[in-house]
Structure formats: C-alpha cells, structure tokens
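Peer 1: Structure for the following, please:
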Amino acid sequence: MQPARQAFTRESADARRADLIEATAAVLAEHGLAGTNVRAICAKAGVSPGLLRHYFGGIDDLVAATYQATSDRMDAIFAGAVESAGSDPRARLTAYLTASFRPPVTDPELLGAWTAFWALSRNDARMAEIHAESYAGYRGRLGELLIACGVSDAERLAIMLTAMVDGLWLELSLDAGSFGAEAAVAMVERAVAALV
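Peer 2: Here you go, the predicted model:
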C-alpha cells in the first residue's frame, strides 16, 4: 500500500512577505534589537535565509517593512474605533484617543516591537521617515477630530494629546501594575473634558 501523498501548496508572495513581517515583529518583541537577526527571523517564520533575501533586500528592508505594516495596522485599529463610536464628535475623539488602551493595542508584545522601531528611528533615515509619516498621520486625524469638536488650536492640542497617550501607553506597557488600562482611559477622558 502506497503512503498517501501530501498535497504541496505554495504560499503566495504576499503571504510569505506577511509571514516574514509577522516573524520580525515577534522577534523584535521577544529579543529586542540586539537579538533580531536573519537567523532568528527565519527560524520564527520557518523559512530559509534565502527566502528572506528573495522577498526583501535584507534585514534592514524587512524591519522597515515591519514598522510600516505595524503603523498601518494601528491606523486601521484607530479608524475602526472612530467608526464604532457613531456620529457624536466628542465620542469619536475619545474613541480615537482611548483605542491605545484597548486590545489589540495593549498586546504586551507590541511594546517590544514598537520601542525597537522608536530606537531605530533615531539613527536610521528610512525608519525616521516612517516614524514621521506615521505620527503626522495620527496627529492629522486627531486634529480633524478636534476641529469637529470646535477646538480652534487643534494642531498644538493634537501634539499634546499624542504625547499624553504615548506616555500613558508606554508606562502601562512597562508596568501594568502601576495603573490599569481603564485608569488610562479615565485620564484621557478627563483631559478631553477639560480641553474640549
């Protein structure tokens, strides 16, 4: 009796790229920048180093693609939060700001990857460009939500609120015992009530 032959399926190029990006984010989260290398990423993705070089020019290209993909994912999460809030401008603003303290943004693994991206953006021009574009987009959408609430100095207020959310998210991610996600949400809601 012949053993059953397993069907071989080749993943699409997009699926392979997505797998490598996901593996890179996981390795960054688990091992930080120092432990992120081709071997670790390929082991996590279950592929050969040659496949990584086939889809990306090298590890720098892959890490940049991972930052861009993570930023795009966060944008979609924030946009979804606003859509779910309905039509009230203040509820939409609050939903946008507080999405940072709700799953999946509160995933502990995201901190490792995100802090690596921040560190890289200080010395790598491509990462700095992704960072600048991502944050400009976040602040721009926040500014639009503030204007819809009747705020006149939306640009400066968007910078301040972004810094507040980033600081709370970072502290919560580093020490979840210091205060909880709901406490962070309450702090942001209180700031919005005072400012809008």
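Peer 1: Break down this structure into its helices, ranges please.
Peer 2: For the chain, helices defined by DSSP state H occupy the ranges 13-31, 38-45, 49-55, 59-84, 89-98, 108-121, 125-148, 154-174, 181-195.
Peer 1: Any buried residues in the fifth one, and which?
Peer 2: Counting neighbours by 16 or more other C-beta atoms under 10 Å, one finds that the buried residues in helix 89-98 are Pro89, Arg90, Arg92, Leu93, Thr94, Ala95, Tyr96, Leu97, Thr98. C-betas here are computed from N, CA, C, even on glycine.
Peer 1: which one of the helices of the chain is the most hemmed in?
Peer 2: With neighbours defined as mean count of other C-beta atoms under 10 Å, those peak in mean count at helix 89-98, which reaches a mean of 20.
Peer 1: Which neighbouring elements make contact with that one?
Peer 2: For helix 89-98, the helices and strands in contact under the criterion 3 or more C-beta pairs under 8 Å, 6 or more residues apart in numbering; DSSP states H and E are helix 59-84, helix 125-148, helix 181-195.
Peer 1: Ok, which of the ones you listed comes nearest Arg17?
Peer 2: helix 59-84 (7.4 Å; C-beta to C-beta).
Peer 1: mean confidence for that closest one?
Peer 2: Helix 59-84 carries an average pLDDT of 96.
Peer 1: In contact with the closest residue to Ser121 other than its chain neighbours, which residues?
Peer 2: Leaving aside its sequence neighbours, Ser121 sits nearest to His131 (C-beta to C-beta, 6 or more residues apart in numbering; 3.9 Å). Counting by C-beta atoms under 8 Å, 6 or more residues apart in numbering, His131 touches Tyr67, Phe117, Trp118, Ser121.
Peer 1: need the contact list for the last one.
Peer 2: Which is Ser121. Met127, Ala128, Ile130, His131.
Peer 1: Hmm, the first one is touching Ala64, no?
Peer 2: Yes. Met127 is within contact range of Ala64, at 6.1 Å (criterion: C-beta atoms under 8 Å).
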